[in-house]
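>>> this is the structure alone, sequence omitted:
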């Protein structure tokens, strides 16, 4: 990673350069006409998202283990409940995006979501066994209001067509994973070695840091994320905002019930997807610009392919967590470490390592007119994903008679899997902001994360039915079954990659010159 001063201004230098604007508002043109590779505001959003991801991934990394170890839930059922929680988290980003577009604006939506996440994790920390599901339900709703809107604000830092946007999202994605690495490591360590209360308390405390950072630095975002109702009379605006908060409160008991009963999750996923598509096409029909309509269809197709990607990819908190707990040695290179810490933090570590480099690599190719299109990057991502599962399948050849295999090979698989993710997630975030009209940016970002919700949901089904082992099986039999599941996931990823390459001409026509 190149850390030279012109390219990677620190948060402190960004603060200094913008301090003169503290007493006056910054215009959008001033923000978007920045020099260098990254706007200064990116570092503030980077830091806020870093702490939020510490909170989210720290909690995510211990959910399945906690349910098996403390709530005494069976392994396959714990995987399904984990997938339900993850699905609801991302499903609510669609609603959060709509509410931000129409009523709250990105800034207020983010603040409200952060407060709910702080309270939710705090409740679980106070009483992990009694308040687990009510606390997790609050985190679900809070993340829905937080997640899509900070990503949309990153997109607004750039003018339309700015080639630097993908590098910006790659750097922002690195920030996400700095937090994910720290949260995934610290919370798993605290939960397994000290107490589950400390693990959830840590997630709540860092979210306080994230919210404080945003409240201090949001003035440097100028008009980005302001309320869409700012021209209304204050009384009318507050009434509409209050209605949003009331709707969020009313959803709490439904989420609480559904995360405890995965059959309800099935019904929810059967309903929310068609409703979201109906709303999308309602907005699509209202769009008069033919080019914009084609771009929206392209974005929708990318979202559909992302669902398949995340269904194959998102096994970390479920099947891979159980596999790491039962079938891996604790030796990584020259030291000993809990395999679940490796499982929960490897992906984030490699994202931090490779994301800025890959972002700069795309910029380098762009300057030479050799940068691959988004559809090609997606296809490459699926090929990397297939390779990662082939590596994990090879664990069967490193196992001993007790069914214990190599943590080094497992970590190598994660490294390749991370390259797959970097060809999909940050590219997808940038793609949505490129293809969506400004008035639908929050909705489309929410739809992208709703796609992630379905990916999480299908990942849970794959984890419980494909990457699984029979109850009562020996450790060696479990390893053989899990490795067979990895092989099937690899085959599926190759098939999708081939399909995406076949569809390149279709995507080019729909994207109307956007890459």
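Sure thing, it's come through. From a predicted model like this one, the values you see are computed outputs, not experimental measurements.
>>> tell me the pLDDT of residue 15.
We have a pLDDT of 46 for residue 15.
>>> low pLDDT regions in the protein?
Scanning the chain for pLDDT under 70 picks out 1-24, 148, 317, 467, 512-515.
>>> so the residue located most distally from the centre of the chain: helix, strand or coil?
Going by C-alpha atoms, centre = their mean, the residue of the chain most distant from its centre is residue 401, 37.6 Å out. Here residue 401 is coil, with the state taken from DSSP: H, G, I helix; E, B strand; the rest coil.
>>> can you list the buried residues in stretch 428-438?
428, 429, 430, 431, 432, 433, 434, 435, 436 (16 or more other C-beta atoms under 10 Å). Backbone N, C-alpha and C define where each C-beta goes, glycine included.
>>> same question, stretch 479-496
Neighbour counts over stretch 479-496 (16+ other C-beta under 10 Å) mark 479-483, 485-487, 489-490, 492-494, 496 as buried.
>>> swap in stretch 401-419?
Buried positions in stretch 401-419, judged by neighbour count with 16+ other C-beta under 10 Å: 403-407, 409-419.
>>> what sits up against that stretch?
By C-beta atoms under 8 Å, 6 or more residues apart in numbering, the residues outside stretch 401-419 that reach it are 313, 324, 326-333, 337, 339, 342-343, 346-347, 350-351, 354, 358, 381, 384-385, 387-389, 391-392, 394-396, 398-399, 474-479.
>>> dump the residue contacts of the residue nearest to residue 144 when sequence neighbours are not counted.
Excluding the flanking residues, the one nearest residue 144 by C-beta to C-beta, 6 or more residues apart in numbering is residue 92, at 2.5 Å. If a contact means C-beta under 8 Å, 6+ apart, then residue 92 has 140, 141, 143, 144, 145, 251 as its contacts.
>>> what does residue 431 give?
So residue 431 contacts 299, 302, 374 (C-beta under 8 Å, 6+ apart).
>>> again, only using 10 Å
With contact taken as C-beta atoms under 10 Å, 6 or more residues apart in numbering, residue 431 is in contact with 165-166, 169, 295, 298-299, 302-303, 306, 374-375, 377-378, 424, 444, 448, 511, 514-515.
>>> any idea how far residue 375 is from it?
Per C-beta to C-beta, to the nearest Å, residue 431 is found 10 Å from residue 375.
>>> check residue 313 too.
18 Å.
>>> residue 259 now?
Residue 259 is 35 Å from residue 375, by C-beta to C-beta.
>>> same check, this time on residue 289
According to C-beta to C-beta, residue 289 and residue 375 sit 22 Å apart.
>>> and those two? which has more neighbours close in?
The neighbour comparison of residue 289 against residue 375 (other C-beta atoms under 10 Å) goes to residue 375, with 25 against 10.
>>> just the element for that one, please.
helix 374-393 (DSSP states H and E).
>>> same question for residue 173.
Per DSSP H and E, residue 173 falls inside helix 165-193.
>>> and that helix, what does it pack onto?
Contacts defined by 3 or more C-beta pairs under 10 Å, 6 or more residues apart in numbering; DSSP states H and E place helix 165-193 against helix 41-69, helix 132-156, helix 196-217, helix 339-367, helix 407-422, helix 425-435.
>>> mind doing that once more with 7 Å?
Packing partners of helix 165-193 (3 or more C-beta pairs under 7 Å, 6 or more residues apart in numbering; DSSP states H and E): helix 41-69, helix 132-156, helix 196-217, helix 339-367, helix 425-435.
>>> including distance to residue 284, could those go into TSV?
Below are the helices and strands packed on helix 165-193 laid out as TSV (distance: least, C-beta to C-beta, whole Å):
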stretch	distance to residue 284
helix 41-69	29
helix 132-156	19
helix 196-217	32
helix 339-367	29
helix 425-435	12
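>>> between the ones you listed, which one is nearest to residue 274?
Closest to residue 274 of those, according to C-beta to C-beta: helix 132-156, at 18.8 Å.
>>> the closest one vs helix 425-435, what angle?
On the basis of axes from the mean of the first three to the mean of the last three C-alpha atoms, to 10 degrees, helix 132-156 is oriented at 60 degrees to helix 425-435.
>>> report all helices and strands that helix 132-156 contacts.
Taking 3+ C-beta pairs under 7 Å, 6+ apart as contact, the helices and strands that helix 132-156 lies on are helix 41-69, helix 75-99, helix 105-126, helix 165-193, helix 234-258, helix 441-465.
>>> can you redo those helices as a markdown table with distance to residue 136?
Output for these, formatted as a markdown table (distance: least, C-beta to C-beta, whole Å):
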| stretch | distance to residue 136 |
| --- | --- |
| helix 41-69 | 8 |
| helix 75-99 | 6 |
| helix 105-126 | 7 |
| helix 165-193 | 14 |
| helix 234-258 | 8 |
| helix 441-465 | 14 |
